[in-house]
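Peer 1: based on what follows, work out the 3D shape:
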Amino acid sequence: MKRALLIGMGSAGDVFPFISLGRALKQRGWGVDLMANPAYLAEVERAGLEFIPLGTLEHHERITRDPNLWHPSRGTRTILADYQAIGLVRRQRDHCLAFAAGAGKRVVVASSLGFGARVAREQARFPLVTAHLAPIVLRCLKKPPRLPGGWLPNTLIRLAPTLTYRLVDRVVDRLLAPALEPLRCESGLPPQRRYLAGWWNSPDGVMLAYPDWLGESPTLPAQARHVGFLQHDDTQSSQDLAPLWRFVEGGSSPVVVTFGSAMRHARWLLERVVRATGKLGRRLVILSRDNGQVPLSLPPHAFHANWAPMAELLPRATLLIHHGGAGTLGRALEAGVPQLVLPFAHDQTDNAGRVEALGAGAWISARWTTQNRLEQALRQVLGNPAFQAQCRSLAGRIDSRAALEMACDWLETVQARPAD
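Peer 2: Here you go, the predicted model:
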């Protein structure tokens, strides 16, 4: 039997594409193991995949409760410099080596943070595909991405992109070296520097899990391939959604707001969204797994749900307000719903700029989202039918089933050829 090991790290939006890919591979007769934080154990098992724990619930809880995770300049450091990061990388490396030593044709697909898998691939030469979920990870000197952190880093990367990337490497190398270099030494591998300058991309393949028209780049790694959005909804969740659907169907199409499954610190922003939608006479659905960040007393025009299948909810919405996560962005584009993006950190600012460039919505940095700016942006998007028309056009270019078929076909090819 052909077997695949999928490694997803991050929030639900980072793990769900791997669940979607795993289900598609399983339908083709593959055996599939999915390595992720135990916070996603139930979702993985509901999908019928074998779950391999990576890290602990305590680690997931501690990271998501740290407000620095959402700071534009401290967010990446919060993840990479965490004291448990070394153990996560080692766990990836060790399990990949054990997996690759098994019988039959095998392939590993690891997320952007799958650094341990990349070390293991150098040691054991098994087929490894690096999966990137957002365009910001691809370096481009002609069309550099938008960086979190405001005008200074973005001015610098446009005027001097080569220098900026070298400065980024100096910072990231100091964060990653304590986790990676001991493993490389143990494996008899030479020291490595500038990990993000190309090393983190597996030479066997780089899967870009978004369409080429979202992340068009003048330069791509030779081994890279766009497959499109890999969408997954945990539709077998046991949560009672009847009250949500009664609210949605009880009036005009609502505005939906979510700042992602890992967000715990957006109460101030949700309060402003509630006030703004009330002032504009719009109904509102708040999606938040953390009840503590939801305003205590919601007015009649607003409803809170911990979770909802986005494929069912978003086509009924008139607008989606979100943080700019790649998974949420993909769902909105597929549903054909206009977007107002309020990015915090990581890849979110770059994703927000791409939404605006596509004519699919507008964006404001979350840090600068005053009540007046929020209301003005809502009027701009809700009052312009051109946004809705463009979103419908873009939705017609997305075929999630075809994206999964393309990804699976490619993995069949990768696992069939020997690693270099």
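Peer 1: quick one: residues contacting the closest residue to residue 148 other than its chain neighbours.
Peer 2: Distances taken as C-beta to C-beta, 6 or more residues apart in numbering put residue 72 closest to residue 148, at 3.7 Å, once the chain neighbours are dropped. In this view, the C-beta of every residue, glycine as well, is placed from N, C-alpha and C. Residues near residue 72 by C-beta atoms under 8 Å, 6 or more residues apart in numbering: 148-150, 344-345, 349, 365, 367.
Peer 1: again with residue 319
Peer 2: Here residue 319 is in contact with 255-256, 337-340, 378, 381-382 (C-beta under 8 Å, 6+ apart).
Peer 1: ok, so of these, who is nearest residue 242?
Peer 2: Using C-beta to C-beta, residue 256 comes nearest to residue 242 of the contacts of residue 319, at 17.7 Å.
Peer 1: quick one: the closest one is in a strand?
Peer 2: Yes: according to DSSP: H, G, I helix; E, B strand; the rest coil, residue 256 belongs to a strand.
Peer 1: pLDDT score for it?
Peer 2: pLDDT, residue 256: 98.
Peer 1: go on, residue 216?
Peer 2: pLDDT, residue 216: 69.
Peer 1: wait, isn't residue 278 in contact with residue 300?
Peer 2: No: taking contacts as C-beta atoms under 8 Å, residue 278 lies outside contact range of residue 300: 9.1 Å.
Peer 1: neighbour count for those two, which is higher?
Peer 2: Neighbours were counted for residue 278 and for residue 300 using other C-beta atoms under 10 Å; residue 278 has more, 16 against 8.
Peer 1: any regions of the stretch 301-420 of the chain where pLDDT drops low?
Peer 2: By pLDDT under 70, the low-scoring segments of the stretch 301-420 of the chain are 418-420.
Peer 1: strands along that one, start to end?
Peer 2: Assigned by DSSP state E, counting those that start in this stretch, the strands in the stretch 301-420 of the chain fall at 302-305, 319-322, 339-341, 361-363.
Peer 1: in CSV, list the ones you listed along with distance to residue 137.
Peer 2: Formatted as CSV, the strands of the stretch 301-420 of the chain follow (distance: least, C-beta to C-beta, whole Å):
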stretch, distance to residue 137
strand 302-305, 32
strand 319-322, 20
strand 339-341, 18
strand 361-363, 20
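Peer 1: out of those, which is closest to residue 134?
Peer 2: Closest to residue 134 of the strands of the stretch 301-420 of the chain, according to C-beta to C-beta: strand 339-341, at 12.9 Å.
Peer 1: what lines up beside the closest one in the sheet?
Peer 2: strand 319-322 (parallel), strand 361-363 (parallel) (DSSP bridges).
Peer 1: so which bits of stretch 105-125 are buried?
Peer 2: Residues 106-124 are the ones in stretch 105-125 that count as buried (16 or more other C-beta atoms under 10 Å).
Peer 1: hmm, back to that, ranking the strands paired with strand 339-341 by burial, who's on top?
Peer 2: Mean neighbours per residue, mean count of other C-beta atoms under 10 Å, is largest over those for strand 319-322, with a mean of 27.
Peer 1: care to break this protein down by domain?
Peer 2: 3-229+400-416, 242-395 (automatic domain parsing).
Peer 1: determine which two of the contacts of residue 72 are furthest apart.
Peer 2: Longest span within the contacts of residue 72, C-beta to C-beta: 150 and 344, 12.5 Å.
Peer 1: so for those two, which residue has more residues nearby?
Peer 2: With neighbours defined as other C-beta under 10 Å, residue 150 and residue 344 compare such that residue 344 has more, 24 against 14.
Peer 1: how about that one: what's its closest non-neighbour residue?
Peer 2: Residue 344's closest residue in space is residue 70 (C-beta to C-beta, 6+ apart), at 4.2 Å.
Peer 1: can you check residue 118 too?
Peer 2: Nearest one to residue 118, counting by C-beta to C-beta, 6+ apart, is residue 200 at 6.0 Å.
Peer 1: okay, now the unreliable bits of the stretch 101-250 of the chain?
Peer 2: 216, 218, 235-238.
Peer 1: in it, which spans are strands?
Peer 2: 106-111, 128-132, 206-208, 224-226.
Peer 1: which neighbouring elements make contact with the first one?
Peer 2: So that's strand 106-111. Using 3 or more C-beta pairs under 8 Å, 6 or more residues apart in numbering; DSSP states H and E as the contact test, the elements touching strand 106-111 are strand 3-7, helix 12-27, helix 85-100, helix 115-124, strand 128-132, helix 400-416.
Peer 1: contact partners of it?
Peer 2: Outside of strand 106-111, the residues that reach it under the criterion C-beta under 8 Å, 6+ apart are 2-10, 14, 18, 21, 92, 96, 99-100, 117-118, 120-121, 126-133, 202, 207, 411, 414-415.
Peer 1: ok so, going back, the residue nearest to residue 344 against residue 265, yeah?
Peer 2: Yes: counting by C-beta under 8 Å, residue 70 touches residue 265, with 6.1 Å between them.
Peer 1: which of the two has more residues huddled nearby?
Peer 2: residue 70 (26 against 18).
Peer 1: and the gap between that one and residue 76?
Peer 2: Using C-beta to C-beta, to the nearest Å, one gets 11 Å for the distance from residue 70 to residue 76.
Peer 1: how about CSV for the strands paired with strand 339-341, with distance to residue 285 added?
Peer 2: Converted to CSV, the strands paired with strand 339-341 look like this (distance: least, C-beta to C-beta, whole Å):
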stretch, distance to residue 285
strand 319-322, 10
strand 361-363, 17
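Peer 1: for residue 217, which of those strands is the nearest?
Peer 2: Taking these one by one with C-beta to C-beta, strand 361-363 is closest: 20.3 Å.
Peer 1: how far away from the center of its chain is the closest one?
Peer 2: Relative to its chain's centre, strand 361-363 lies at 19 Å (C-alpha atoms, centre = their mean, to the nearest Å).
Peer 1: what of stretch 142-157?
Peer 2: Centroid separation for stretch 142-157 versus its chain: 20 Å, with C-alpha atoms, centre = their mean.
Peer 1: doesn't residue 76 make contact with residue 68?
Peer 2: No: checked against C-beta under 8 Å, the pair residue 68 and residue 76 is beyond contact range at 10.1 Å.
Peer 1: please say which of these two ends up with more neighbours.
Peer 2: residue 76 (18 against 14).
Peer 1: per-residue confidence for the more buried one?
Peer 2: pLDDT for residue 76: 91.
Peer 1: that one: what's it in contact with?
Peer 2: Contact partners of residue 76, counting by C-beta under 8 Å, 6+ apart, are 172, 175, 345-346.
Peer 1: out of these, who's nearest residue 261?
Peer 2: The closest of these to residue 261 turns out to be residue 346 (C-beta to C-beta; 14.1 Å).
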